[in-house]
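Q: heads up, no residue letters with this:
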C-alpha cells in the first residue's frame, strides 16, 4: 500500500485523467527530462493482427482521443499525489505542471475501414509529450474501434433492418457504455437505449418495456393496457409468461381499442425466436394486425441474426446487447503504439512476433469501380498510387478542421466504406484470401537499414 | 436524430450518470408514476449461469453501486434534455426532479465467493426507485465482479508469485481501467500500472520501462545505464532487439557498476518465455546475479502462467494485461436484475431459460473444517443451517457500517474465501461436479404458488 493519508488521496478525482496512465510513462518521462531527450518523436498506433473473427476494422474514437490531447494537464492534486512517491523529484514535477501536448497528429477519419499493420494515427511531438499520450490514446482508440468493428458486422447481418443497442448493463463500465453508443452510431446502428448517449452525442435513443413492468401488474393484459394508454405507439414485450399467450393479449387489446390501437411492434426476448416470430406473425396477420412489426432481442449477435434472416424469420428489427456491447468474440484488439522515429532517425523493434518498421508512414488505398482493391503501407514521403488514408487532424496541439468531424459525417463515411468492401471481406466468415495489404519497397528498405544500425551499433 | 439544438445538448455532461440508463426505465417510471404504483418492490441481482470457464465468481463493485444510489438525482440539464423528448410530461419531470433513492439494500460483502442464481444484492424500495437503479447497478456490479472473478484465477495460478495489472491500454475505456485495478486488488493482484487507481483507491502502483525508451537511445546498453542511474532498483526490459543479448547487457552493466548495481529484475515480454527465462536465469546466475529476479509479461493469462510454473520456469512475477483486463475468455456474465416481489406479493417469470423464483432471498453457506461445502438459496425469513451471505448494507438510502468496508478488508475477505474453496472448484479446469447450490423447499413451493397465480389469473 502507498502511504499517503486518505485526505491527500481524496483530492484526486476519477476525472483526473492525466493520471490515467501507466506508471512507467511517468518514470520514463522523468528520465527523458533528466537526459534532455526532447527531440521530435514519431509514434504509430496500429493493430498488429486482426482477430480471427474480423476481416476488417472500422476506425473510431479519434474525436475523444484528440480531446484528451487538447486538455492534457496535471492538476495540483495529481502533482501532490506524485510528490508523495519516492520516484519523482520536485524539479521534475514543476516541469510536469507546465507540460501540455503541442504536437501534430495525422489520423484516419472515424468510419474508415482499416486492416492489420495500418497506422490508425501517428503522433509527432517531443519525445515526452508523445510518450505520455500512449496509454490514453490506446485506451480510447481501442475501445471505439473494437466496438465499431463489431457493430459493422451486426449491421451488415441485419441487411437494412433496424438494429438497436441494448448493451449498457453489461458493457464494461460507464465510459464503455457511453462511447459504445457513439461507436455503434458511426458503424450504422440505428439507435441506443442509453439516454446519456442521446444527451451527450445526439445519438437517437429508443426503448420498449421490461418484464418487471408486466410482472408488477396483476395480469399481462393489465400491463399492456396501462402502457398503451400512456404510449399508444409503443412496443409490447410478450414473453414474460408465455409468448403466444402474450401475442393473443395484444390481439385482444387491438379488438378492445379498435382504431385507437396504434401499437408499433411486439418484442420477443426468449425461446426459439425464429419459430415464435413465424407463429406470432401468423396470429397478428390473422387478426388483421399486419402493421404491427416484430422486434427480437435476447442474446443476439451477427451470426444468429444472419441465421434468422436466412431461414426467413419475419423479424423487422433487432435489439442487440451483450455480444455487441462487449465485442464478445473479440473483446480486445492487438493494438500497439510504437516509436518509429526519434531525432530524425528511424527506430524499430525486432522482438519476435512484434517487429516494427521505422519512420513516418502513410496508407495508400487502391480502388476500382467503387470497390477497395488493395492497400500499401508506405513511407509518408512516397508518391504511391492510391488514396492516402491518413490526414492531418491536429497541429501544434490544436485540432484543425479535419479533426472536428460531425458524428453523422463519420457515420456516412463508414456506410460508404462498408459499401466499398469486397464481398469476400464483407462476409461474417473468416475471409480467404484476406484483404491484400503490403509494405512499400522503400519502407522495407528503410527497415533493413535500421535493423543493421540497431544490431551493429 | 433527435432534434434538440446542440447548445441544449452540450449542457449534459458525461458525468450526468442519472441519464446513464436505458430509456425504458424512464418511460416505465412515468407509467408507474401515472398509475400510482408506488408500492414496495424487491429486485434481486444475480448471475443466471456461470460462464463455462468459471467455477466460481468473486463479488465486487458494491461500494461504487451504493455510491451511485446515494447520489442519484437528475440535474437541471438532464431534466431539460428529457423535457425536449415527446414522451415525458412536465408534471412527471417535476416529480423526477425530487426523486432520490430511499430504499434498503442487502448484499454480499465484496470479496465473497458466489455461484449461479445466488443474489449478489437485493434492493427493497418503492417500485420506481428500485426500477431506476437497474441499469447502473447491473453495469457496475457486473464490471467489477467479472474482473475480480477473472483475476482470482490468475492469482491462484501464480501460486503466491507477484501479479501486476498491466491492462489499462486495452481495457474497455476509462471507467473499466480505473475500477479493474480496484477489483483486481480485492481479488489478490499485487499492484497495478494504473496511476489513477493508486491515487483514487490507494491500490499499490508499479511499473518498469517500455521498448520506446530503449529504442530512443543509441544502444540498449546506453538505455539501461541511463535508466539505472535514475532508478537504481528498477526492472530492465531486455527483449527490444534480442533477449539474451539484452540480458548480457545487464550483466555487463553489473560488472561496470560493481556494488552500486541494484537492479531488481529483468522483464521478458516476447518469444518463448519459459525457455528464455531458463536461459536468462543461467546467464544471471553465472554472473553471480542470483538476486536479480525475472519478471514475465506479454499475452499472459492464468493458463500460460500455470503451464510456465508447471514446467519449472524460473519466473518470480507476472505482468498480466489484456486477458485479465477484459476477462477475455468470458467478457460478460449473464447477470440479471429481476422483480421478485411487489406490494407484498411474490413475482416470477416463466420465460424459457430465464425463469425466476419469487420473494426476498438469502443464501445459506454450509462450511466444514474451514471449507465451503454447499449453498442453499432460500427465503429471507427461513431459518436454515449455514452462514447467511447477504447482509444489510443500506437503510433508507444511506449506507450503514457494513456498507462502508475498507478496500483492504475486502481483499482479506476474498483471500479467506479463496482459501476456503474446495480443491475441485479452485482448479482452472471446468469443475465436475460443480459446486452444489440448491433452492430451499419453501422457496420452490413459493414459486409453484406464484406460477399458479400468474397463469390462472
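A: The structure has been received and is ready for your questions. These numbers were taken from a predicted model, which means no experiment stands behind them.
Q: so how far is stretch A:77-88 from its chain's centroid?
A: Here stretch A:77-88 is found 33 Å from its chain centre; the criterion is CA atoms, centre = their mean, to the nearest Å.
Q: meant to ask about stretch A:124-141
A: Mean-position distance between stretch A:124-141 and its chain equals 19 Å (CA atoms, centre = their mean).
Q: Rounded mean pLDDT for that stretch, please.
A: For stretch A:124-141, mean pLDDT is 98.
Q: list the buried ones in it?
A: For stretch A:124-141, the neighbour count (16 or more other CB atoms under 10 Å in any protein chain shown) marks A:124-141 as buried. Using the backbone N, CA and C atoms, a C-beta is placed for each residue, glycine as well.
Q: Just give me the neighbour total for the closest residue to residue A:215 other than its chain neighbours.
A: Leaving aside its sequence neighbours, residue A:215 sits nearest to residue B:347 (CB to CB, 6 or more residues apart in numbering or on different chains; 4.2 Å). By other CB atoms under 10 Å in any protein chain shown, 27 other residues sit near residue B:347.
Q: and residue B:347, what does it touch?
A: Contacts for residue B:347 (CB atoms under 8 Å, 6 or more residues apart in numbering or on different chains) come out as A:215, A:216, B:339, B:340, B:341, B:356, B:358, B:450.
Q: Neighbours of residue A:168, how many?
A: Look at residue A:168: counted by other CB under 10 Å, it has 27 neighbours.
Q: Hmm, residue A:175 and it touching each other?
A: No: Residue A:168 is not in contact with residue A:175 according to CB atoms under 8 Å; the separation is 11.7 Å.
Q: Quick one: low-confidence residue ranges for chain A.
A: Chain A contains residues with pLDDT under 70 at A:1-10, A:354, A:454-457.
Q: Can you classify the residue positioned nearest the centre of it by secondary structure?
A: The centre of chain A sits closest to residue A:144, judged by CA atoms, centre = their mean, with a distance of 1.9 Å. Recorded secondary structure, residue A:144: helix (DSSP: H, G, I helix; E, B strand; the rest coil).
Q: For it, give me its contacts.
A: Counted by CB under 8 Å, 6+ apart, residue A:144 has contacts A:60, A:61, A:64, A:110, A:179, A:180, A:182, A:183, A:186.
Q: Next, count neighbours for the residue in the stretch 201-350 of chain A that chain B sits nearest to.
A: In the stretch 201-350 of chain A, the residue that lies nearest chain B is residue A:207 (3.3 Å; CB to the nearest CB). Burial of residue A:207 is recorded as 25 neighbouring residues (other CB under 10 Å).
Q: cool, the one 4 residues further on as well?
A: The number of residues packed near residue A:211 is 22, by other CB under 10 Å.
Q: Output the contacting helices and strands for the helix or strand hosting residue A:451.
A: Using DSSP states H and E, the element containing residue A:451 is helix A:441-456. For helix A:441-456, the packing partners by 3 or more CB pairs under 8 Å, 6 or more residues apart in numbering or on different chains; DSSP states H and E come out as strand A:345-346, strand A:371-379.
Q: Is there a neighbour count for residue A:268? I'd like the number.
A: Quick note: residue A:268 (other CB under 10 Å) scores 27 neighbours.
Q: Next up, phi/psi of it, please.
A: The phi/psi pair for residue A:268 (degrees, to the nearest 10) reads phi -100, psi 130.
Q: Verify the stated contact: it with residue A:274.
A: No: between residue A:268 and residue A:274 there is no contact under CB under 8 Å: 9.6 Å.
Q: which ones are touching residue A:268?
A: Here residue A:268 is in contact with A:238, A:239, A:243, A:276, A:277, A:280, A:294, A:295, A:296, A:297, A:298 (CB under 8 Å, 6+ apart).
Q: and the stretch 251-400 of chain A, which residues reach chain B?
A: Residues of the stretch 251-400 of chain A lying near chain B by CB under 8 Å from any CB of the partner chain: A:269-271, A:322, A:325-328, A:331-333, A:335, A:337-339, A:342, A:347-354.
Q: Which ones among the residues you listed lie within helices?
A: Among those, the members found in helices (DSSP state H) are A:322, A:325.
Q: Now restrict the residues of the stretch 251-400 of chain A next to chain B to buried residues only.
A: Among those, those scoring as buried are A:269-271, A:322, A:325-328, A:331-333, A:335, A:337-339, A:342, A:347-351, A:354 (criterion: 16+ other CB under 10 Å).
Q: which ones among those are found in strands?
A: Residues from these lying in strands, with DSSP state E as the criterion: A:335, A:337, A:338, A:339, A:342.
Q: wait, the third one sits on residue A:349?
A: Read that as residue A:338. Yes: between residue A:338 and residue A:349 there is a contact under CB under 8 Å: 6.7 Å.
Q: Quickly list what's touching both of the two.
A: Shared contacts of residue A:338 and residue A:349 (CB under 8 Å, 6+ apart): A:356, B:211.
Q: Ramachandran coordinates for residue A:362?
A: Main-chain torsions, residue A:362, degrees, to the nearest 10: phi -140, psi 150.
Q: What are the phi and psi values at the residue lying closest to it once chain neighbours are set aside?
A: If the residues on either side of it in the chain are set aside, residue A:362 comes closest to residue A:380, at 4.7 Å by CB to CB, 6+ apart. Main-chain torsions, residue A:380, degrees, to the nearest 10: phi -60, psi -30.
Q: quick one, what contacts residue A:380?
A: A:106, A:359, A:360, A:361, A:362, A:390.
Q: from those, which is closest to chain B?
A: Closest approach between the contacts of residue A:380 and chain B, by CB to the nearest CB: residue A:359, at 12.5 Å.
Q: count of residues packed around the closest one?
A: Around residue A:359 there are 22 residues (other CB under 10 Å).
Q: Any idea how many residues pack against the residue nearest to it when sequence neighbours are not counted?
A: In space, and not counting its chain neighbours, residue A:359 is closest to residue A:346: 4.3 Å by CB to CB, 6+ apart. Per other CB under 10 Å, the neighbour tally for residue A:346 reads 24.
Q: Hmm, residue A:346 is touching residue A:338, no?
A: No: checked against CB under 8 Å, the pair residue A:346 and residue A:338 is beyond contact range at 11.8 Å.
Q: So which residues of the stretch 151-300 of chain A form helices?
A: Per DSSP state H, counting those that start in this stretch, the stretch 151-300 of chain A carries helices over the ranges A:173-187, A:195-201, A:211-216, A:220-230, A:243-257, A:273-286.
Q: Can I get those in CSV including distance to residue A:303?
A: Formatted as CSV, the helices of the stretch 151-300 of chain A follow (distance: least, CB to CB, whole Å):
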stretch, distance to residue A:303
helix A:173-187, 17
helix A:195-201, 26
helix A:211-216, 25
helix A:220-230, 31
helix A:243-257, 22
helix A:273-286, 13
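Q: Highest mean neighbour count out of those helices?
A: Comparing those by mean neighbour count (mean count of other CB atoms under 10 Å in any protein chain shown), helix A:173-187 ranks first with a mean of 28.
Q: That one vs helix B:173-187, what angle?
A: Helix A:173-187 and helix B:173-187 are oriented at 140 degrees to each other (axes from the mean of the first three to the mean of the last three CA atoms, to 10 degrees).
Q: JSON lines for the contacts of residue A:380, including secondary structure?
A: Output for the contacts of residue A:380, formatted as JSON lines (three-state DSSP):
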{"residue": "A:106", "secondary structure": "strand"}
{"residue": "A:359", "secondary structure": "coil"}
{"residue": "A:360", "secondary structure": "coil"}
{"residue": "A:361", "secondary structure": "strand"}
{"residue": "A:362", "secondary structure": "strand"}
{"residue": "A:390", "secondary structure": "coil"}
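Q: would CSV of these with distance to residue B:118 be doable?
A: Converted to CSV, those look like this (distance: CB to CB, whole Å):
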residue, distance to residue B:118
A:106, 52
A:359, 56
A:360, 55
A:361, 52
A:362, 55
A:390, 51
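Q: can you pull the contacts of the residue nearest to residue A:404 when sequence neighbours are not counted?
A: The shortest distance from residue A:404 to any non-neighbouring residue, by CB to CB, 6+ apart, is to residue A:63 (7.9 Å). If you count contacts by CB under 8 Å, 6+ apart, residue A:63 has them with A:110, A:403, A:404, A:405.
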